[in-house]
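J.: mind looking at a prediction? Sequence and model below.
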Amino acid sequence: MTERNAQGVKYADMMPVPDKMKAWVLGDPDELKLIDKDVPVPGRAEALVRIDAVAICATDLEIISYGTPAMFEGGPPFNKNFTPGHEYMGTIAALGPGVDEFEIGDRVTVEIHAGCGQCKRCRAGMYTSCHNYGLNYGDRDKGHRANGFTTNGGFAEYAINNINTMIKVPDTMSDAEATLVVTAGTSMYGLTELGGLVAGESVVVIGPGPIGLLAVAVAKSLGASPVVLVGTRENRNKIGLELGADVVIDARSEDALARVKELTGKGADYVVDCAGTEATVNQAVHMTNRGGKVCLAAFPKKPVEFDLGYLAVNNIYLYGIRGEGRSATHRAMAFMADKRFDATKVHTHTFPMSDLPEALRYARERIDDAIKVVVSMKDSAAKSAAAE
Ligand SMILES: [Zn+2]
Ligand SMILES: [Zn+2]
């Protein structure tokens, strides 16, 4: 039986929702505590999601140590009972007033950002660059939400999500794979912001982290040719080949610039930098052909020096992308649901949610060649060693 309560929120007997839940919260920098929190109540255009699995992202590690780029209630996220975690999936447990786009019991994966929906950027579909970023509290509540950045995220038993951020997961897709859709969505956003018409065009991806590896898979699925991956870790380059790279270049033993010129003649049509170091930004600019496009999909931590004049003289376009705008996650899901590539090749480890600190340590120190570490709520099903 399902019914709406006096506040218009719909619950169902098949998915009983408790009043309290376990949630990891950030204390001081690098301090995570498991506490009991009230289960949140969904508002208009929102649903309550029971978290089933959540993947760990390098950005989570940054937030836990430095606070940025999270911004909670107008400032750093420390000691505010803030729950990080943004690459999660789960099952809908309650629907806010008026919500009929989903049913209780639907399996969903989520994208991070629900912009305010009313600023110039949100109106253009660029909700990851919302002008009201973080304004969701007090008398400046513009309704902006970014799970695990400006609102509570997925290292908990339940989380609230705007309906615009949820995508149904097909029965054929595992929980772990579904947590990777938003990462593939970020890769997709980079490629589609560059113009998207990459079929038959050369694409170089620098940096075989999760976004880079899935950028290889997405570029290949979009028909790019050749797809070249530049990396320094042999095991990751090997996964790049499995995900569709035509050529991998080991940047330690080969001259990446010379190799790309050799493979493409005039240089690459598109270069996606997923490493974000001074060296890779320079590589990206100089391996792009005249009139080609460079996408910065990683955030360099400090100012970088590069030949801006070379870019202008050669009519090279430089794009910065943030996150997974313009419904790119839906396009990524379409490819993954259709088994165009196997994103689980980047999933290396699984831990139960109670072992989150250990899972974070594996991700941070890349223990046992960890790439994507997934935390599962189904503790009995989760193994603390290698996954599938
Ligand atoms: Zn992430
Ligand atoms: Zn906005």
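T.: Received the coordinates, thanks. Numbers count the residues shown, from 1 in each chain. Ligands and ions are numbered 1, 2, ... in the order given.
J.: count of residues packed around the closest residue to N152 other than its chain neighbours?
T.: Spatial nearest neighbour of N152, chain neighbours left out: T83 (4.2 Å); criterion: Cβ to Cβ, 6 or more residues apart in numbering. Quick note: C-beta positions are derived from backbone N, CA and C, even for glycine. By other Cβ atoms under 10 Å, the residues close to T83 number 25.
J.: for the one 5 residues further on, same thing?
T.: As a burial measure, Y88 scores 30 neighbours (other Cβ under 10 Å).
J.: next: D369.
T.: The number of residues near D369, taken as other Cβ under 10 Å, comes to 14.
J.: pull the contacting residues for H286.
T.: Residues counted as contacts of H286 (Cβ atoms under 8 Å, 6 or more residues apart in numbering) are 257, 267, 307, 310.
J.: give me the number of residues near A45?
T.: 17.
J.: wait, doesn't it sit right on G96?
T.: Yes. With contacts counted by Cβ atoms under 8 Å, A45 reaches G96, the gap being 6.4 Å.
J.: so G212, which state does it fall into?
T.: Following DSSP: H, G, I helix; E, B strand; the rest coil, the label given to G212 is helix.
J.: closest to the centroid, which residue in this protein?
T.: For the chain, the residue nearest the mean C-alpha position is T183 (3.6 Å; Cα atoms, centre = their mean).
J.: ok, the residue of the stretch 251-388 of the chain found nearest ligand 1 to Y137 distance?
T.: Among the residues of the stretch 251-388 of the chain, G323 lies closest to ligand 1, at 8.1 Å counting by Cβ to the ion. Taking Cβ to Cβ, to the nearest Å as the measure, G323 falls 21 Å from Y137.
J.: look at those two and report which has more neighbours.
T.: More crowded of G323 and Y137, by other Cβ under 10 Å: G323, with 23 against 14.
J.: give the contact list for that one.
T.: By Cβ under 8 Å, 6+ apart, the contact list for G323 reads 111-113, 128, 186, 189.
J.: go again with 10 Å.
T.: By Cβ atoms under 10 Å, 6 or more residues apart in numbering, the contact list for G323 reads 59, 69, 86, 111-113, 126-129, 146, 149, 182, 185-186, 189, 297, 329.
J.: cool, E31 as well?
T.: Residues in contact with E31 (Cβ under 10 Å, 6+ apart) are 25, 64, 78-79, 357.
J.: and for F341?
T.: Residues near F341 by Cβ under 10 Å, 6+ apart: 184, 213-214, 216-218, 220-221, 242-244, 332, 335.
J.: equivalent analysis for G291, please.
T.: Contact analysis of G291 by Cβ under 10 Å, 6+ apart lists 266, 269, 314-317.
J.: top of the contacts of H286 by neighbour count?
T.: Neighbour max across the contacts of H286 (other Cβ under 10 Å) = G267, 20 neighbours.
J.: one step back: and the contacts of H286 as CSV, adding distance to P16, secondary structure and pLDDT?
T.: Below are the contacts of H286 laid out as CSV (distance: Cβ to Cβ, whole Å; DSSP: H, G, I helix; E, B strand; the rest coil; pLDDT from 0 to 100):
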residue, distance to P16, secondary structure, pLDDT
L257, 59, helix, 97
G267, 59, coil, 97
D307, 61, coil, 95
Y310, 62, helix, 96
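J.: helices or strands next to the one helix or strand in the chain whose mean pLDDT sits lowest in the packing?
T.: Ranked by mean pLDDT, DSSP states H and E, the weakest helix or strand in the chain is strand 2-4, scoring a mean of 78. In terms of contacts (3 or more Cβ pairs under 10 Å, 6 or more residues apart in numbering; DSSP states H and E), strand 2-4 is packed against strand 10-12, strand 87-95.
J.: name the surrounding residues that touch that strand.
T.: For strand 2-4, the surrounding residues in contact (Cβ under 10 Å, 6+ apart) are 9-15, 94-98, 103-105.
J.: list only buried entries from these.
T.: Those of the contacts of strand 2-4 that meet the buried threshold are 9-12, 94-96, 104, by 16 or more other Cβ atoms under 10 Å.
J.: show me which of those residues neighbour ligand 2.
T.: Among the buried ones among the contacts of strand 2-4, no residue lies close to ligand 2 (Cβ under 5 Å from the ion).
J.: for the closest residue to A328 other than its chain neighbours, helix, strand, or coil?
T.: If the residues on either side of it in the chain are set aside, A328 comes closest to Y189, at 3.7 Å by Cβ to Cβ, 6+ apart. With three-state DSSP as the basis, Y189 sits in helix.
J.: cool, and V108?
T.: Under three-state DSSP, the three-state class of V108 is strand.
J.: and if you look at A199?
T.: Put simply, A199 is coil when judged by three-state DSSP.
J.: what sits against it?
T.: A199 touches 219, 222-225, counting by Cβ under 10 Å, 6+ apart.
J.: out of the residues you listed, flag the one nearest to ligand 2.
T.: If you rank the contacts of A199 by distance to ligand 2 using Cβ to the ion, L222 comes first, at 27.9 Å.
J.: overlap in contacts of A45 and G96?
T.: 161-163.
J.: which ones among the residues you listed map onto helices?
T.: Under the assignment DSSP state H, those contribute nothing to helices.
J.: dump those residues to TSV, plus pLDDT and neighbour count.
T.: As requested, the shared contacts of A45 and G96 are exported to TSV (pLDDT from 0 to 100; neighbours: other Cβ atoms under 10 Å):
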residue	pLDDT	neighbour count
N161	98	27
N162	97	26
I163	97	20
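J.: which members of these additionally contact ligand 1?
T.: Here nothing survives when the shared contacts of A45 and G96 are matched to ligand 1 using Cβ under 5 Å from the ion.
J.: coming back round to it: which of the contacts of G291 lies closest to N289?
T.: Distance to N289 across the contacts of G291 (Cβ to Cβ) is lowest for K266, with 4.3 Å.
J.: ok, that closest one - contacts?
T.: By Cβ under 10 Å, 6+ apart, the contact set of K266 is 202, 288-292.
J.: quick check: Y310 touching T288?
T.: Yes. Y310 is within contact range of T288, at 9.5 Å (criterion: Cβ atoms under 10 Å).
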